[in-house]
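A.B. asks: generate a structure from the sequence data that follows.
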Amino acid sequence: MDYQERLQKLRRESTGIDCLFFVPGVNLYYLTGLKVSGSERLFLFGVLPSARTFMIAPSFEIGRFRSTIELDTVFSYRDDQGPLSAIKQALKRYSIKKIGVEFKYMKLWELEWLKQAVPKLQIIDLSDTIKKLRIRKCPEEIRQLRKSAYIADRAMAQARNEIRPGVTESRIEGVISEVVKSRRADGFAAVASGPRTALPHARTTDRIIREGDLVWIDLVVYYNSYVADITRTFFVGRPDPQLLEVYKTVMIAQRRARTKTVPGMTAGEVDTLARSYIDQQGYRDYFIHRTGHGIGLEVHEEPYIVENNLVKLEQGMAFTIEPGIYLPDRGGVRIEDSVVVTEEGVESLTKFSRGINII
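C.D. replies: I've put the predicted structure just below:
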């Protein structure tokens, strides 16, 4: 990844601001490659309009940061001192009176330290600027997304082989975890069965799978920090006729959105591709969430595939397509893929079979 180029783009999009401050998290990683765990100790990474950066951090952490990134200055503090003096030194040295911060990620207590150092500090939200930088993935990011998707497909295939009457949801989740870890990746999964599949965000329990159940698996994989997200639904034994009809409806709605999405459409129009078909089949009231969400360094990020979202899709944007229908106390079906926008349409990064899966 070309982190210097990312920092330069950030500067070009943030003129008129004395300093841009970042806290531990995905945006700091995106801009610098630094992985810093947030804690009760203040850590701030400062980006100046010139080609300079600095850091405010606990003194015992400085050694590892200096070895991984070039910094103009480090303003350190000991635990018994607290960070206020270090913040004041930094703001005074660079004549900082107007700052940009990440409203979505900076905690109130972190912001309060800055305001305490300079009570009349002007504060600007960087959310739109960061969104603009991260929303389109570069070729290297797309390669990482593909690797995550490949692992997700392998884990889903192994999980499918474990589904049978008498097995618990937690057992299947455990198999997924083993596969993901064996690929040197991280991740998590939710496994729901029977009537619990009608809950879109059900979490795994020790429920025993029975003959006639629906089972869905929602699986997230992080590889080199990039995310793939996939959901598949399975029938255990002879399908219930209405739930089979629901499955076919969701399958066609998802296919419509995957195959008809092209650059230049809005995110809202992608939602409509799936939702309109489900509406036509009489299940309008049972599709109770958006059609998808962006993926990248976070499992939920821009662009959100939701009705009336006017963000226009461009090559390199990555997101999920995941329509679902949920019948209370009966069961629910969701089919989800991670996709990336290409020159002519979208490429599905996850490829596990979307056909009717009867076990």
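
A.B. asks: quick one, helices of the protein?
C.D. replies: Secondary structure of the chain (DSSP state H): helices at 3-12, 26-32, 62-66, 84-93, 108-117, 127-134, 139-162, 169-182, 241-260, 267-280.

A.B. asks: select, out of the ones you listed, the one closest to H300.
C.D. replies: helix 26-32 (11.3 Å; CB to CB). Bear in mind the C-beta positions are built from the backbone N, C-alpha and C, glycine included.

A.B. asks: quick one: contacts for the residue lying closest to E169 once chain neighbours are set aside?
C.D. replies: Counting by CB to CB, 6 or more residues apart in numbering, E169 lies nearest to V191, which is 4.1 Å off, once chain neighbours are set aside. Contact analysis of V191 by CB atoms under 8 Å, 6 or more residues apart in numbering lists 159, 169-170, 172-173, 176, 204, 215-217.

A.B. asks: can you list the domains in this protein?
C.D. replies: With domains defined by automatic domain parsing, the chain comprises 3-134, 139-348.

A.B. asks: distance between the ends of the shortest one?
C.D. replies: Pointing back at domain 3-134 there. 12 Å (CA to CA, to the nearest Å).

A.B. asks: show the average pLDDT along that domain.
C.D. replies: What domain 3-134 shows for mean pLDDT is 93.

A.B. asks: and stretch 139-149, by the same measure?
C.D. replies: Stretch 139-149 comes out at a mean pLDDT of 98.

A.B. asks: going forward can the numbers begin at 35, since that is how I track them
C.D. replies: Sure, I'll start numbering at 35, so the last one becomes stretch 173-183.

A.B. asks: list the buried ones in it?
C.D. replies: By neighbour count on 16 or more other CB atoms under 10 Å, the buried set for stretch 173-183 is 175-176, 178-183.

A.B. asks: how about stretch 248-260?
C.D. replies: Buried, per 16+ other CB under 10 Å, within stretch 248-260: 248-257, 259-260.

A.B. asks: could you identify the most distant pair in those residues?
C.D. replies: Pairwise over the buried residues of stretch 248-260, using CB to CB, the maximum falls at L248 and S259, 33.0 Å.

A.B. asks: still on that earlier bit, okay, the buried residues of stretch 173-183 in CSV with distance to M351 next?
C.D. replies: Converted to CSV, the buried residues of stretch 173-183 look like this (distance: CB to CB, whole Å):
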residue, distance to M351
E175, 11
I176, 10
Q178, 15
L179, 11
R180, 15
K181, 19
S182, 16
A183, 15
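
A.B. asks: could you identify the most distant pair in the residues you listed?
C.D. replies: Most distant of the buried residues of stretch 173-183, by CB to CB, are E175 and A183, 12.6 Å apart.

A.B. asks: how much space between the spatially closest residue to Y63 that is not a sequence neighbour and K122?
C.D. replies: Among residues not flanking Y63 along the chain, K69 sits closest, at 5.8 Å (CB to CB, 6+ apart). Per CB to CB, to the nearest Å, K69 is found 28 Å from K122.

A.B. asks: pick out the residue nearest the middle of the chain.
C.D. replies: V333 (1.8 Å; CA atoms, centre = their mean).

A.B. asks: report the mean confidence score over stretch 301-311.
C.D. replies: 98.

A.B. asks: what's that stretch in contact with?
C.D. replies: For stretch 301-311, using CB under 8 Å, 6+ apart, the contacting residues are 283, 286-288, 290-291, 294-295, 321, 324-326, 337-345, 347, 353, 355, 357.

A.B. asks: ok, of these, which come out buried?
C.D. replies: 283, 286-288, 290-291, 295, 321, 324-326, 337-340, 343, 345, 347, 353, 355, 357.

A.B. asks: those in strands, which ones?
C.D. replies: In this view, the buried ones among the contacts of stretch 301-311 that belong to strands under DSSP state E are 326, 337-339, 353, 355.

A.B. asks: just to revisit the earlier point, nearest to A85, of the helices of the chain?
C.D. replies: helix 37-46 (7.7 Å).

A.B. asks: now the closest one against helix 161-168, angle please.
C.D. replies: 140 degrees (axes from the mean of the first three to the mean of the last three CA atoms, to 10 degrees).

A.B. asks: what about helix 37-46, distance to the chain center?
C.D. replies: 22 Å (CA atoms, centre = their mean, to the nearest Å).

A.B. asks: what's the answer for stretch 258-269, then?
C.D. replies: Per CA atoms, centre = their mean, the centroid offset for stretch 258-269 relative to its chain is 12 Å.

A.B. asks: how about it as PDB, C-alpha atoms only?
C.D. replies: Taking Å, rounded to 0.1, in the frame of the first residue of the first chain, the C-alpha atoms of stretch 258-269 are listed here in PDB:
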ATOM      1  CA  ASN A 258      -4.600  -8.900   6.300                       C
ATOM      2  CA  SER A 259      -7.300  -6.600   7.900                       C
ATOM      3  CA  TYR A 260      -9.600  -6.800   4.900                       C
ATOM      4  CA  VAL A 261     -13.100  -8.200   5.100                       C
ATOM      5  CA  ALA A 262     -15.300 -10.700   3.300                       C
ATOM      6  CA  ASP A 263     -18.900 -11.300   4.300                       C
ATOM      7  CA  ILE A 264     -21.100 -14.200   3.100                       C
ATOM      8  CA  THR A 265     -24.400 -15.800   4.200                       C
ATOM      9  CA  ARG A 266     -25.900 -19.000   2.900                       C
ATOM     10  CA  THR A 267     -29.100 -20.800   3.900                       C
ATOM     11  CA  PHE A 268     -29.600 -24.600   4.000                       C
ATOM     12  CA  PHE A 269     -32.500 -27.000   4.200                       C
END
